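S.K.: Coordinates for the following, if possible.
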Amino acid sequence: MTKRRSSPVRRNDLIAGLLYIAVGVLFCIFRTGILDLLLLIVGILFVISGIVQFFADKDYLSGTVFVVIGVVLIIGSRFFLDILLIIFGVLYLLKGVADLVRALGQKRGKLFPVIAALLAIALGVLLIVLRSSAAAWLFIVVGVIFIVQGVTAVLSAVK
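M.R.: Predicted coordinates:
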């Protein structure tokens, strides 16, 4: 009997699928905490890179800039997330208002566009007002998407 080898592509799809599932589960469990962890790691890497540039390469300007960026990322990760959610909230709010004005200007069939515009306005307000709750739900949705993609990749690799 000959053994059937799995192709590298299927094995890679299987590994990628399992990684997608793991990342999705982490996003669902830790929500915004995973972002804090990632920003902490990136901040530490910036600080280390800046110290190396400062002392080993004698590039004082770049080294200082990298250290400052790293410290800001370490200290202000929650601040950056809040700013990002406010920006997305304002953009969604503006989009909702523009869609509502456009929908009210239509002569026929404006019920669905009006409802969609009102939902966009509500989402924008929620992102601005309830930043931490909105961020948690956003990470859960992203986590579920990762899990679904992972399961799809695993199932296609096993076929």
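S.K.: Residue 135: how many residues sit nearby?
M.R.: 20 (other C-beta atoms under 10 Å). (Each C-beta comes from the backbone N, C-alpha and C, glycine too.)
S.K.: Isn't it up against residue 30?
M.R.: No: using C-beta atoms under 8 Å, residue 135 is not in contact with residue 30; the gap is 11.7 Å.
S.K.: Could I get the buried residue list for whichever strand or helix holds residue 146?
M.R.: For residue 146, the host element (DSSP states H and E) is helix 131-158. For helix 131-158, burial by neighbour count (16 or more other C-beta atoms under 10 Å) applies to 131, 134-136, 138-139, 142-143, 146-147, 149-150, 153-154, 157.
S.K.: How about stretch 26-39?
M.R.: Neighbour-count burial for stretch 26-39, with 16+ other C-beta under 10 Å as criterion, is recorded at 26, 27, 28, 31, 32, 34, 35, 39.
S.K.: What of stretch 74-93?
M.R.: Taking 16+ other C-beta under 10 Å as the criterion, stretch 74-93 shows 74, 77, 81, 85, 88, 89, 92, 93 as buried.
S.K.: nearest residue to residue 143 other than its sequence neighbours?
M.R.: Using C-beta to C-beta, 6 or more residues apart in numbering and skipping residues adjacent in sequence, the residue nearest residue 143 is residue 27, 3.2 Å away.
S.K.: swap that for residue 148, please
M.R.: Leaving aside its chain neighbours, residue 148 sits nearest to residue 24 (7.8 Å; criterion: C-beta to C-beta, 6+ apart).
S.K.: Same question for residue 116.
M.R.: Nearest residue to residue 116, sequence neighbours excluded (C-beta to C-beta, 6+ apart): residue 99, at 6.6 Å.
S.K.: ok, that neighbour to residue 117 distance?
M.R.: From residue 99 over to residue 117 the distance is 4 Å, taken as C-beta to C-beta, to the nearest Å.
S.K.: Tell me which residues are up against the helix or strand hosting residue 69.
M.R.: According to DSSP H and E, residue 69 maps onto helix 60-75. Identification of contacts with helix 60-75 by C-beta atoms under 8 Å, 6 or more residues apart in numbering yields 39-40, 42-55, 57, 80.
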